[in-house]
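K.L.:
no FASTA, just this:
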């Protein structure tokens, strides 16, 4: 225990000594670090001062460069501005000089115009004096002329006006004739070119159709079978077809007479099939006729559709297509109306193309222009009016309706295509061999043509030539001068159009001839 007690002071003394030593070590080490930090701080401060000096120098150099650059740019800009100002100043001086010259010129012009104005005023005064002198002299001369001629001034004026009027009328007639001749010549040349081109482009084969149907029999005994017991077979045939059968006029031939070509065609085919079949009795007749009628209806529709397809048209009402097909069984002066309508459509379309108008419209109006002939025996009115009404009813536009309505001159065409359809219609009808007419009708037309031509005042003789397609008129030269010949030809053409019915067109030629004969003795 004592030993322990004795060691406690030593322990306390050791602890105190250790604390003192630790404190001293801490102080010593802390002082050393402070010196190091001070040295480092001093070193950093020196480096910072050095860096700041470098930055300051760089900033000073950069500022000097900037000042130098700005000074250079400013001097350059000032130089450019100075050049612009010099240029503007030069332009201003030039304009001032120009304005000075113009002012000088205006002063000269003003002086010139003032001088001219004075001269004109003086001249006007002189003219007024001369006019007064002229009026006085004219008055004096009129008085002298009135005393010498015995006519007053008014009478002399009327006489002069009368002579001037006669001379003017004669000169106007000559001028009108010359202009008309030139226009006719140019139009004739152009129309011939267009028509010849259209005709060359469209060359169709055509065989004239007969209006009477005939059926050949193997022998005359077949006539009895066709007539039947107590005429039952022929009565059934006539009742079923609506056609009159003429049997006894021609050997081994039956003639079919009917105004409706469709019914006549049904009757012809039915009779030929009955003859080939050999079974001829009322029941078989009705069966064959009904079958043929359906076939003809189908054929009519096919013909209409074929015509429309060949022409490249579309949008035509099915009823109009059927009527177009019916035209296959219709003739006009021996010309098949469907073939004629196709010709008109092609010709009108080609002429429309040459004139740069609508070829499709001309072609459509051409194929439909005679559509009224398919039903004209069933309705009242001309085939033009009937056709126009049918076309209007089935949705055709007003241009097509007008072309149908006026293609024979009954009204005014509203389009060029309508006039072309009328021309193509006349061209197709007038083609040699296209149509027939009886000898009686031909002679009657030619006589009427010469009679109309001779009825005109001043006509000496007239002759119808070229099968009535031209009339030549010889006028009396002592009564008709050259200027009036053109007027006579126009008047006569209008009179022929009003009083005569004819296919195609008629050329009117007026001839004036003067002969002077003297004998040398």
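P.N.:
On my side now, so go ahead. Bear in mind that the values here come from a model prediction, so they are computed numbers and not experimental data.
K.L.:
All the helices of the stretch 201-350 of the chain, residue numbers only.
P.N.:
Using DSSP state H, counting those that start in this stretch, the helices of the stretch 201-350 of the chain run over 221-227, 232-241, 261-277, 282-311, 318-326, 337-354.
K.L.:
Next up, the contacts around residue 295.
P.N.:
Going by CB atoms under 8 Å, 6 or more residues apart in numbering, residue 295 touches residue 269. All C-beta atoms are positioned from the backbone trio N, CA, C, and that covers glycine.
K.L.:
Show me what counts as buried in the helix or strand residue 483 falls within.
P.N.:
Assigned by DSSP states H and E, residue 483 belongs to helix 482-499. Of the residues in helix 482-499, 483, 484, 485, 486, 488, 489, 492, 496 count as buried by neighbour count, 16 or more other CB atoms under 10 Å.
K.L.:
again with stretch 167-187
P.N.:
Quick answer for stretch 167-187 (16+ other CB under 10 Å): 173, 177.
K.L.:
Stretch 508-521 now?
P.N.:
Buried, per 16+ other CB under 10 Å, within stretch 508-521: 508, 510, 512.
K.L.:
Surely the second one and residue 476 touch.
P.N.:
Same thing as residue 510. No. If you go by CB atoms under 8 Å, residue 510 and residue 476 don't touch, sitting 11.6 Å apart.
K.L.:
Need the overlap of contacts for these two.
P.N.:
Going by CB under 8 Å, 6+ apart, no residue sits against residue 510 while also sitting against residue 476.
K.L.:
before we move on, back to that, please convert the buried residues of stretch 508-521 to TSV, extending it with distance to residue 117.
P.N.:
Listed next are those as TSV, based on distance: CB to CB, whole Å:
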residue	distance to residue 117
508	66
510	64
512	63
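K.L.:
Wait, a helix at residue 480?
P.N.:
No. Counting by DSSP: H, G, I helix; E, B strand; the rest coil, one finds residue 480 to be coil, located in no helix.
K.L.:
which residues does it contact?
P.N.:
Neighbouring residues of residue 480 by CB under 8 Å, 6+ apart: 458, 488, 512.
K.L.:
Please repeat the previous calculation with a cut-off of 10 Å.
P.N.:
By CB atoms under 10 Å, 6 or more residues apart in numbering, residue 480 lies in contact with 456, 457, 458, 459, 460, 473, 487, 488, 510, 512.
K.L.:
quick one: the third one and residue 489 touch, right?
P.N.:
By that I understand residue 458. No. Using CB atoms under 10 Å as the test, residue 458 is too far from residue 489 to be in contact (11.8 Å).
K.L.:
where do the contact lists of the two overlap?
P.N.:
473, 475, 510.
K.L.:
And the first one, how far from residue 504?
P.N.:
Right, the one you point to is residue 473. For residue 473, the distance to residue 504 equals 19 Å [CB to CB, to the nearest Å].
K.L.:
more crowded one of those two?
P.N.:
residue 473 (24 against 15; other CB atoms under 10 Å).
K.L.:
hang on, that one packs against residue 513?
P.N.:
No. Judged on CB under 10 Å, residue 473 makes no contact with residue 513 at a distance of 11.6 Å.
K.L.:
list residues touching both of these two?
P.N.:
By CB under 10 Å, 6+ apart, the residues touching both residue 473 and residue 513 are residue 460.
K.L.:
for the chain, what helix or strand is lowest in average pLDDT?
P.N.:
Every helix and strand of the chain was ranked by mean pLDDT, DSSP states H and E. The lowest is helix 153-201, at a mean of 71.
K.L.:
Which of the contacts of residue 480 fall in strands?
P.N.:
459, 460, 473, 510 (DSSP state E).
K.L.:
Next, give me the two most distant ones among the residues you listed.
P.N.:
Greatest spatial distance among the ones in strands among the contacts of residue 480 (CB to CB): 460 and 510, at 11.0 Å.
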